[in-house]
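[1] need a 3D model of the sequence below.
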Amino acid sequence: MQSDMNTKPIPILMFSNTTVRSGVEEHILELLRRLDRRLFRLHLACPNVLLEQYGKDIPTDVEVTPIMVEGPTDVRGATRLARILREQKIGILHSHMFQASLFASPIGKLSRVPVIIETTHVRETWRKGWFKSKFVIDRFVSRFVDHYIAVSEANSRYLIEEKKIPAHKVSVIQNGCSIERVNPSSAHPQGIRASAGFSRENLLLILMARLEPQKGHRILLEALSLLRNDWPQVRLVCLGEGALKEELIRATRDLKIEKLVHFAGFQSNVGDWLAAADIGVLPSFYEGLPLTAVETLAAGVPLVATAVDGTPEVVIDGETGLLVPPGNPGAMAEAIGRLAREPGLRRNLAASGRRFVLERFTIQRQVEQSSDLYLSEWRRKTHSTAELSRKGVIRAREI
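    Predicted structure coming up:
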């Protein structure tokens, strides 16, 4: 046991190339918060604009480097990342999303980083034509990646069956959420509805998602316009920022529902907003395993979501929520109307959804599985004989 406690922590660098704080960025933040410091020395490299959005939420012991690699011709960004990897003696480079791994993984290999990991997070429907069908670049980059983390079973099938990543290089670690972050018993919903311009008599829908095409906001707005005659008390709050904000505001005017919708921007106190809501909605066109779905159910809020990718792994139709086809405003409106009509169903789905998440989708499970994978790959690639293990540290702590 003594060797466990004396082993030097492995330097691990989380790399993200995104500029908007959303589910992926919360995933990274939870790893930075919760990974055992006796096992890992933690670093974060990401664009400065994302660091500004993180603010003081990043743990103070995490070494932070503002960096963005803007493309294959960004020699300055690539050189800076390589210098960080060498100077900090990074042992594990973990890139989040393919577009980050595309640049970072080859740089990591050239910089002699022992372990390189990629989490893809979503099925990449933004690809078009040859770039979509061949995945040649992905398979080339996979030569530099030692292991892939799939956030859902659907994400794993995408990597193996479509990208043709070898199955032995893929492990499923489903997204988990911080239960205390959305615990309804500790939430403070007072004043939330009033801040959005709504009353207690309104049936409040909540959508927590970036304002981007993937998330299907326009479909939900069309569904809301279909609902307003039968359910004039329905209102919608959208949490999140993104490129479509002005376009979506115009859409509410075109649909004559501007008084029914409030765009609240990014909110860190999501538990308070969820506690103020009656129904959660997620009209995405594609997902990995949506953290917002996990958080909504953990908060005890019934959820209507689209049956895409990993979403049905957490939203089980008729048991933990209701599922509808993507891109179908009528089906979305019908499902929301059903929950509006049946408060008993809302309560049952809310209770079963919360139980399901507490059993299967906790952040503790996600972090433990991630830690075990890091250590396993470290031992495999470095042929380390040190008895460095998460369980060993836990046993030592108990002693």
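[2] next, count neighbours for Ile316.
    Look at Ile316: counted by other Cβ atoms under 10 Å, it has 15 neighbours. The C-beta positions use only the backbone N, C-alpha and C, and glycine is treated the same way.
[3] that one contacts Arg355, correct?
    No: checked against Cβ atoms under 8 Å, the pair Ile316 and Arg355 is beyond contact range at 11.7 Å.
[4] residue ranges for the helices of the stretch 1-150 of the chain, please.
    2-6, 23-34, 48-54, 75-87, 98-110, 129-134, 136-141 (DSSP state H, counting those that start in this stretch).
[5] any idea which of those gets closest to Asn229?
    Shortest distance between Asn229 and those, using Cβ to Cβ, is found for helix 23-34: 33.7 Å.
[6] off-centre distance for that closest one?
    Relative to its chain's centre, helix 23-34 lies at 8 Å (Cα atoms, centre = their mean, to the nearest Å).
[7] what are the contacting residues of that helix?
    14, 16, 18, 42, 44, 50, 53-54, 57-59, 62, 96-97, 119, 121, 151, 175-176, 178, 290-292, 363-364, 366-367, 370 (Cβ atoms under 8 Å, 6 or more residues apart in numbering).
[8] repeat that with 7 Å
    Identification of contacts with helix 23-34 by Cβ atoms under 7 Å, 6 or more residues apart in numbering yields 14, 16, 18, 42, 44, 50, 54, 57-59, 62, 96-97, 121, 175, 178, 290-292, 363, 367, 370.
[9] these in strands, which ones?
    The strands, defined by DSSP state E, take in 14, 42, 44, 96 from the contacts of helix 23-34.
[10] which two among those are spaced furthest apart?
    Leu42 and His96 (14.2 Å).
[11] compare the two (neighbour count), which wins?
    Of the pair Leu42 and His96, His96 is the one with more neighbours under other Cβ under 10 Å, namely 25 against 21.
[12] how near is that one to Thr119?
    His96 is 5 Å from Thr119, where distance means Cβ to Cβ, to the nearest Å.
[13] could you dump the ones in strands among the contacts of helix 23-34 into JSON lines with pLDDT added?
    Converted to JSON lines, the ones in strands among the contacts of helix 23-34 look like this (pLDDT from 0 to 100):
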{"residue": "Met14", "pLDDT": "98"}
{"residue": "Leu42", "pLDDT": "98"}
{"residue": "Leu44", "pLDDT": "98"}
{"residue": "His96", "pLDDT": "97"}
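[14] Leu375: which of these is nearest?
    Leu42 (14.6 Å).
[15] number of nearby residues for the closest residue to that closest one other than its chain neighbours?
    Closest residue to Leu42 apart from its sequence neighbours, by Cβ to Cβ, 6 or more residues apart in numbering: Val62 at 4.7 Å. Residues near Val62, counting by other Cβ under 10 Å, number 16.
[16] how about residues contacting stretch 99-118?
    15-17, 69, 78, 81-82, 85-86, 90-95, 141, 144-149, 377-378, 381-382.
[17] mean confidence (pLDDT) on stretch 195-207, please.
    Averaging pLDDT along stretch 195-207 yields 97.
[18] and it, how far from the chain's centre?
    Here stretch 195-207 shows a centroid-to-chain-centroid distance of 25 Å under the convention Cα atoms, centre = their mean.
[19] start to end distance for that stretch?
    Length of stretch 195-207, first residue to last, Cα to Cα, to the nearest Å: 16 Å.
[20] so which bits of that stretch are buried?
    The neighbour-count check on stretch 195-207 (16 or more other Cβ atoms under 10 Å) flags 196, 198, 202-207 as buried.
[21] quote the end-to-end distance of stretch 248-261.
    End to end - Cα to Cα - stretch 248-261 spans 10 Å.
[22] could you give the mean pLDDT of it?
    On average, stretch 248-261 scores 98.
[23] what's next to it, contact-wise?
    211, 217-218, 221-222, 224-225, 228, 234-236, 238, 263.
[24] make it 8 Å
    Residues outside stretch 248-261 that contact it (Cβ under 8 Å, 6+ apart) are 211, 217-218, 221-222, 224-225, 228, 234-238, 263.
[25] which residue is the nearest non-sequential neighbour of Glu70?
    Gly77 (6.0 Å).
[26] isn't the one you found up against Arg83?
    No: in this structure, Gly77 is not within contact of Arg83 by Cβ under 8 Å, at 10.8 Å.
[27] neighbour count winner among the two?
    Gly77 (18 against 13).
[28] quickly note the distance from the more buried one to Pro47.
    In terms of Cβ to Cβ, Gly77 sits 10 Å off from Pro47.
[29] now the common contact residues for the two.
    67-68.
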